[in-house]
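Asks: Structure, please.
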Amino acid sequence: MKPLSPNNKKIIKDVAIYGGLIFIAYKVFKNFFSGENTKKEEDELKGYKKELADLKAQGIVPTYTDTQYQAVANNIKKAFSGAETFTTELEQILSIVNSVKNMADWIKLRKTFGIQDISDIGYGSTKYTLTQLLADQLDSNVYTPFSLKEDNPAPGTTAWSYSHLGLLPVSTLSVLNSFLASRLKFTL
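Replies: Numbering: from 1, shown residues only. Have a look, this model is predicted:
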């Protein structure tokens, strides 16, 4: 094996130095903006207590126990930690549909989910609130026919349902937004 020429040594040294500087700049940039988002997200989580108290004053209370919200939140985290498919995304939408009967349920689920580290499949992880995760990860366009139907509607309400014939693609985010718009009068 031949020894490296001085010119090749300089090239290798320059690549190592510039690569290291780029990596350090990336880490500083990521940590700076990640910290800013975390503060905003923590403030959002603190606001849930007041929102729930305001809803309770209006007679709107969470439907389920803390354990049930935790199970749904854990399932969502597990489903989106990795390479999800449109089937996985539709399953999580149905999970939300079956656990959110009113705005108090939605707030309670978001509060319970909190801020989670979600795996980026070998690229580290990203911190998300529930709304951030859903807005970012419900990104599949579904080309096949499917239908979703709420299993357990609240007393006095019609079960929510959604059907797709498969003629044109539909995004999984638009399916969730259809539910949120009909049940809670907002979209992500």
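Asks: Spatially central residue for the chain, please.
Replies: residue 133 (1.4 Å; CA atoms, centre = their mean).
Asks: That one is in what secondary structure piece?
Replies: helix 130-137 (DSSP states H and E).
Asks: Quick check: next helix or strand after that helix?
Replies: Helix 130-137 is succeeded, C-terminally, by strand 141-142 (DSSP H and E).
Asks: got the contact list for the next helix or strand after that next one?
Replies: Remark: after strand 141-142, the chain's next helix or strand is strand 146-149, criterion DSSP H and E. Strand 146-149 is touched from outside by 90, 93-94, 97, 159-164, 166, 175, with contacts defined as CB atoms under 8 Å, 6 or more residues apart in numbering. For every residue, glycine as well, the C-beta is placed using N, CA and C.
Asks: before we move on, back to that, doesn't residue 78 make contact with the residue nearest to the centre of the chain?
Replies: No: assessed by CB atoms under 8 Å, residue 133 is found out of contact with residue 78, at 12.0 Å.
Asks: Quickly list what's touching both of the two.
Replies: Joint contacts of residue 133 and residue 78 (CB under 8 Å, 6+ apart) do not exist.
Asks: who does the helix holding residue 133 touch, helix- and strand-wise?
Replies: If you count contacts as 3 or more CB pairs under 8 Å, 6 or more residues apart in numbering; DSSP states H and E, helix 130-137 packs onto helix 66-80, helix 103-113, strand 116-119, helix 172-184.
Asks: which residues sit against the shortest one?
Replies: Read that as strand 116-119. Under the criterion CB under 8 Å, 6+ apart, residues 73, 77, 80-82, 125-128, 133, 137 lie in contact with strand 116-119.
Asks: likewise the second one?
Replies: Residues outside helix 103-113 that contact it (CB under 8 Å, 6+ apart) are 45, 48-49, 51-52, 55-56, 60-64, 66, 69-70, 72-73, 76-77, 96, 99-100, 129-131, 133, 180, 184.
Asks: List buried members of the residues you listed by neighbour count.
Replies: Neighbour counting by 16 or more other CB atoms under 10 Å classes 51-52, 55, 60, 62-64, 69, 72-73, 76-77, 96, 99-100, 129-130, 133, 180 among the contacts of helix 103-113 as buried.
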